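>>> Quick check, what structure comes out for this input:
(one chain, ligands or ions: 2)
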Amino acid sequence: RRSLWLDCDPGHDDALALLLAIGNASVRPLGVSTVHGNQTLSKVTTNALKVLQLLGCESVIPVYAGAPRPLQGSLEQSNQTCPEIHGECGLGGPRLEECAVPPRTDVPAIVAMHDALKKAYEEEGQRPALVATGALTNVALMLSVYPDCVDFVEIVFMGGAVGEGNTGAVAEFNIQTDAHAASIVMEHGTRMPVTMVPLEVTHTAIATKEVQASLARHGRVGNVVNEWLAFFADTYRDVFGFLDGPPVHDPCAVAFVIDPSIFTDVRHVRVDVETASPLSLGQTVCDVRGKYGRGATRSRNVNVCFAMDVPAFWRMMDQAVDATEQSTRV
Ligand code: BDR
Ligand code: CA
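Numbering: from 1, shown residues only. Ligands and ions are numbered 1, 2, ... in the order given. Coordinates of the predicted model:
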């Protein structure tokens with residue numbers, strides 16, 4: 001069983017990433033940290049706890065609130081949230097009960113992440129995964145404060161785009177939300193495994209009407225998932241013109257940890273993040289063909305996923321919804 005820590009900003013697809021990490025028996029969630037992004041830190045932390053409570057895990061998986069804002073920029077500039085996609089509360093759709101368990105405050109989030117990941121490595125003898133499905137602020141802080149992480153952690157993040165972006169012509173939301181943090185994380189990729197699951201992959205994970213109907217058949221949890229997807233489908237249709245259903249980005253990164261073999265095209269290339277240009281702030285510049293000198297073998301830093309076996313991914317999701325429904329049935 002592989003251990004993982006999930007750093008997220010729930011968010012509909014983050015909620016599904018949590019569900020997959022909890023519902024798949026081959027991974028063990030060590031903890032959850034939250035980060036500014038889809039909504040304010042306080043809202044996404046509330047949402048993470050509600051999701052864990054829905055899945056019956058609020059007392060066993062600790063939740064820590066991490067960074068409320070990106071590494072750089074004034075407070076006004078850095079209040080980038082996206083209510084048009086995830087709603088004012090950050091997880092629009094079904095009404096979920098308030099969680100009776102509060103977020104943990106015994107240590108800061110990055111201390112909890114570091115300590116849990118290090119302990120897992122020492123006990124299991126393999127690198128646990130730090131899966132990030134929001135801005136990379138917490139991850140960059142942890143790597144900066146604890147440089148020893150390069151020796152025992154693997155990072156897998158949802159974010160970036162090789163080509164077209166979703167929050168600008170070439171930038172993806174999670175990376176643009178804290179481009180400086182993303183740049184720090186990429187720089188560490190020459191010394192530790194870093195995998196990027198970009199829009200090229202996640203835009204193939206479309207929750208079509210058929211997928212939605214299939215997931216909905218799993219009782220109470222299936223119903224909530226269906227309501228999340230219905231909300232997400234409406235906003236993605238209105239904002240981006242997705243007519244077949246919404247792309248569920250974040251669980252794709254968890255799927256990579258569970259079974260990397262379903263990712264059918266992964267290339268180790270040089271990736272840099274644009275941090276200066278207002279035109280392309282947050283672009284993940286991927287030197288796919290090694291054209292610009294920095295693509296030389298020694299400077300390659302990121303495993304970039306280009307394609308995924310989509311039916312295999314949905315089978316994984318379906319099993320996880322079923323498993324969480326079975327385990328919470330009273
Ligand atoms: C990413 O942006 C967020 O809105 C989603 O939760 C996902 O992590 C997709 O660009
Ligand atoms: Ca997210």
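
>>> Near ligand 1, which residues of the stretch 101-250 of the chain are found?
By the rule Cβ under 6 Å from any ligand atom, the part of the stretch 101-250 of the chain lying against ligand 1 is 133-134, 158, 166, 172-174, 249-250. For the C-beta atoms, the positions are set from N, CA and C on the backbone; glycine is no exception.

>>> quick one, phi psi at the closest residue to Pro193 other than its chain neighbours?
Nearest non-adjacent residue to Pro193, counting by Cβ to Cβ, 6 or more residues apart in numbering: Glu154, 4.4 Å away. Main-chain dihedrals, Glu154, degrees, to the nearest 10: phi -110, psi 130.

>>> wait, doesn't Glu154 sit right on Pro128?
Yes - assessed by Cβ atoms under 8 Å, Glu154 is found in contact with Pro128 at 7.3 Å.

>>> and these two? which has more neighbours close in?
Pro128 (24 against 21; other Cβ atoms under 10 Å).

>>> dump the residue contacts of the more buried one.
Pro128 sits next to 2-5, 30, 117, 120-121, 152-154 when contact means Cβ atoms under 8 Å, 6 or more residues apart in numbering.

>>> of these, closest to Ala230?
Taking Cβ to Cβ as the measure, Ala230 lies nearest Leu4 of the contacts of Pro128, at 28.3 Å.

>>> and the closest one, which of the three is it?
Here Leu4 takes the strand state, with states given by DSSP: H, G, I helix; E, B strand; the rest coil.

>>> pLDDT score assigned to it?
At Leu4, the model reports a pLDDT of 98.

>>> Pro193 touches Asn303, doesn't it?
Yes - look at Pro193 against Asn303 with Cβ under 8 Å: they come within range, at 7.0 Å.

>>> So for the two, which sits in the more crowded spot?
Neighbours per residue (other Cβ under 10 Å) separate Pro193 from Asn303, with Asn303 holding more: 21 against 16.

>>> Quick check: closest non-adjacent residue to that one.
Leaving aside its sequence neighbours, Asn303 sits nearest to Thr195 (Cβ to Cβ, 6+ apart; 4.3 Å).

>>> and the stretch 201-330 of the chain, which of its residues are near ligand 2?
Residues of the stretch 201-330 of the chain lying close to ligand 2 (Cβ under 5 Å from the ion) are Asp250.

>>> ok so, going back, select from the residues of the stretch 101-250 of the chain next to ligand 1 every entry located in helices.
Among these, DSSP state H puts 173-174 in helices.

>>> Just send the residues of the stretch 101-250 of the chain next to ligand 1 back as JSON lines, with neighbour count and pLDDT too.
Formatted as JSON lines, these follow (neighbours: other Cβ atoms under 10 Å; pLDDT from 0 to 100):
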{"residue": "Thr133", "neighbour count": "30", "pLDDT": "98"}
{"residue": "Gly134", "neighbour count": "32", "pLDDT": "98"}
{"residue": "Met158", "neighbour count": "31", "pLDDT": "98"}
{"residue": "Asn166", "neighbour count": "21", "pLDDT": "96"}
{"residue": "Glu172", "neighbour count": "25", "pLDDT": "97"}
{"residue": "Phe173", "neighbour count": "24", "pLDDT": "96"}
{"residue": "Asn174", "neighbour count": "28", "pLDDT": "97"}
{"residue": "His249", "neighbour count": "27", "pLDDT": "98"}
{"residue": "Asp250", "neighbour count": "31", "pLDDT": "98"}
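
>>> Out of the residues of the stretch 101-250 of the chain next to ligand 1, which comes closest to Ala67?
Proximity of these to Ala67 (Cβ to Cβ) peaks at Gly134, which lies at 9.6 Å.

>>> which residues touch the nearest residue to that closest one once chain neighbours are set aside?
Nearest non-adjacent residue to Gly134, counting by Cβ to Cβ, 6+ apart: Asp9, 3.4 Å away. Residues in contact with Asp9 (Cβ under 8 Å, 6+ apart) are 34-39, 44, 90, 133-135.

>>> which helices and strands does the strand ranked longest in the chain pack with?
Identified as the longest strand of the chain according to DSSP state E is strand 263-273. Judged by 3 or more Cβ pairs under 8 Å, 6 or more residues apart in numbering; DSSP states H and E, the packing partners of strand 263-273 are helix 179-187, strand 284-287, strand 302-308.

>>> That one pairs with which strands?
strand 284-287 (antiparallel), strand 302-308 (antiparallel) (DSSP bridges).

>>> Now it: buried residues?
Within strand 263-273, the residues scored as buried using 16 or more other Cβ atoms under 10 Å are 263, 266, 269-273.

>>> ok so, going back, wait, the residue nearest to Asn303 touches Phe157, no?
Yes - Thr195 is in contact with Phe157 according to Cβ under 8 Å; the separation is 7.4 Å.

>>> Settle it for me: which of the two has more neighbours?
Neighbours were counted for Thr195 and for Phe157 using other Cβ under 10 Å; Phe157 has more, 28 against 23.

>>> Good, wrapping up.
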